[in-house]
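Visitor: Model the structure of this input:
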Amino acid sequence: MFKTIVIGIGSFGEKRAKAVQESLLGELIGVADINIEKANEVAKKLGVPSYAVDEAFEKEADVMTISTPNKFHTPLTIKALEAGRHVLCEKPLSLNAKEAQDIVQTSKKRGKFVKMGSNHRYFSTVMRAYEIFKNREIGDIVSFNGRIGNNGERIRKSWFWDKEISGGGTLLDNGCHLIDLARWFMGDFSEALGVTSNIYWKDCPVEDTASGIFITADKKMALITSSWRQLGGYIHFEISGTDGYITVDGRFDTHGGDKIYWKSNKNGLIRCEDFGHIPPQSYLLELNSFYNSLKDNMQPEPSAEDGVKVMKMIDAIYESNNQKVCL
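Guide: Numbers count the residues shown, from 1 in each chain. This is a model prediction of the structure:
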């Protein structure tokens with residue numbers, strides 16, 4: 001059992017802590033937060049000790065999960081690595097690619113593993129899509145087209161709106177999930193174009209909408225949009241292949257299901273599976289995958305190196321946005 005401490009015990013940190021307790025491979029030995037009252041509250045609920053953040057690094061843990069606001073991901077991950085812990089750090093791994101590279105270097109130096117949080121890889125529909133893809137039912141992927149978002153109400157005027165703490169808006173909040181999925185299916189990209197805007201939350205100092213076009217070395221493309229003004233569901237993407245397509249439709253709030261559709265030209269059938277009746281378990285599945293990798297002394301995925309590449313893609317959108325061509 002991997003003794004685990006969760007640092008940052010907001011809504012996502014609490015989900016991580018509960019997943020540790022549900023896992024047969026982990027033991028939750030405490031939670032920590034800069035807000036000690038919040039840490040005490042959650043610790044009491046879960047029946048574990050609570051710690052101040054600095055105090056948590058003095059405890060004998062095997063693993064630390066970093067679930068704090070974005071600004072603190074890099075320094076806390078590096079501190080955990082230097083303390084001899086393996087780390088699962090929420091996305092985005094850092095505020096920019098340079099910071100993420102510092103994590104990679106520390107991980108190698110200390111001989112400890114880092115996993116970037118990517119629970120969307122463990123959505124039932126996404127796992128099924130990846131299985132279909134790996135079975136080559138749609139041939140070679142030629143394009144990825146997706147959107148992800150929410151209406152922005154949950155994070156309105158929170159730290160997500162503070163660029164110094166968040167590093168950016170929707171792109172770092174939910175866009176990086178879709179970027180990670182595009183890389184998972186298509187591999188590395190070599191070129192990028194992008195644009196950001198504030199259309200809905202006009203008083204928001206970071207972007208509420210972002211779009212990027214990413215191009216591989218052999219000119220295949222991924223088109224991605226993330227938003228804090230998306231009112232019609234959460235995640236939707238289509239993968240086109242040389243022999244068919246896969247569509248993931250995670251609009252469970254507005255369309256009553258969490259579905260996947262796919263067609264293979266080999267048989268001409270359009271098939272559908274609905275996972276809307278299955279309780280979400282992505283946090284537990286991701287954590288078990290992390291623990292199993294540690295048990296086998298293997299690098300968990302996505303790695304810190306993957307986190308660097310995701311951040312390079314995000315950096316490229318922000319840079320491209322500042323170089324618009326007027327028509």
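
Visitor: how many other residues sit next to the residue nearest to Glu14 when sequence neighbours are not counted?
Guide: With sequence-adjacent residues excluded and distances taken as CB to CB, 6 or more residues apart in numbering, Glu14 is closest to Val42, at 5.4 Å. For the C-beta atoms, the positions are set from N, CA and C on the backbone; glycine is no exception. Val42 is flanked by 20 other residues according to other CB atoms under 10 Å.

Visitor: May I ask which helix or strand encompasses Val42?
Guide: Here Val42 is covered by helix 36-46, with elements defined by DSSP states H and E.

Visitor: Longest helix in this protein, please.
Guide: In the chain, assigned by DSSP state H, the helix with the most residues is helix 304-321.

Visitor: Could you tell me the average pLDDT over that helix, please?
Guide: Within the predicted structure, the mean pLDDT of helix 304-321 is 96.

Visitor: now for that helix, which elements pack on it?
Guide: helix 97-110, strand 114-116, helix 176-186, strand 191-197, strand 209-215 (3 or more CB pairs under 8 Å, 6 or more residues apart in numbering; DSSP states H and E).

Visitor: In CSV, list these along with mean pLDDT.
Guide: Below are these laid out as CSV (pLDDT from 0 to 100):
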stretch, mean pLDDT
helix 97-110, 98
strand 114-116, 98
helix 176-186, 98
strand 191-197, 95
strand 209-215, 97
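
Visitor: Can you add mean neighbour count and distance to Asn321 and give the ones you listed back as TSV?
Guide: Conversion of those to TSV gives the following (neighbours: other CB atoms under 10 Å; distance: least, CB to CB, whole Å):
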stretch	mean neighbour count	distance to Asn321
helix 97-110	18	16
strand 114-116	28	24
helix 176-186	23	15
strand 191-197	17	5
strand 209-215	22	8
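
Visitor: With Ser143 as the reference, name the closest of the ones you listed.
Guide: helix 176-186 (8.6 Å; CB to CB).

Visitor: how big is the angle separating that closest one from strand 209-215?
Guide: Angle of helix 176-186 versus strand 209-215, following axes from the mean of the first three to the mean of the last three CA atoms, to 10 degrees, is 20 degrees.

Visitor: pull the CA atoms of helix 176-186 into CSV?
Guide: The C-alpha atoms that make up helix 176-186 are tabulated as CSV, following Å, rounded to 0.1, in the frame of the first residue of the first chain:
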residue,chain,number,x,y,z
CYS,A,176,-5.4,21.1,-21.5
HIS,A,177,-7.6,18.0,-21.0
LEU,A,178,-8.5,18.0,-24.7
ILE,A,179,-5.0,18.8,-25.7
ASP,A,180,-3.8,15.8,-23.7
LEU,A,181,-6.4,13.6,-25.4
ALA,A,182,-5.4,14.8,-28.9
ARG,A,183,-1.7,13.9,-28.1
TRP,A,184,-2.8,10.5,-26.7
PHE,A,185,-4.5,9.6,-29.9
MET,A,186,-2.3,11.4,-32.5
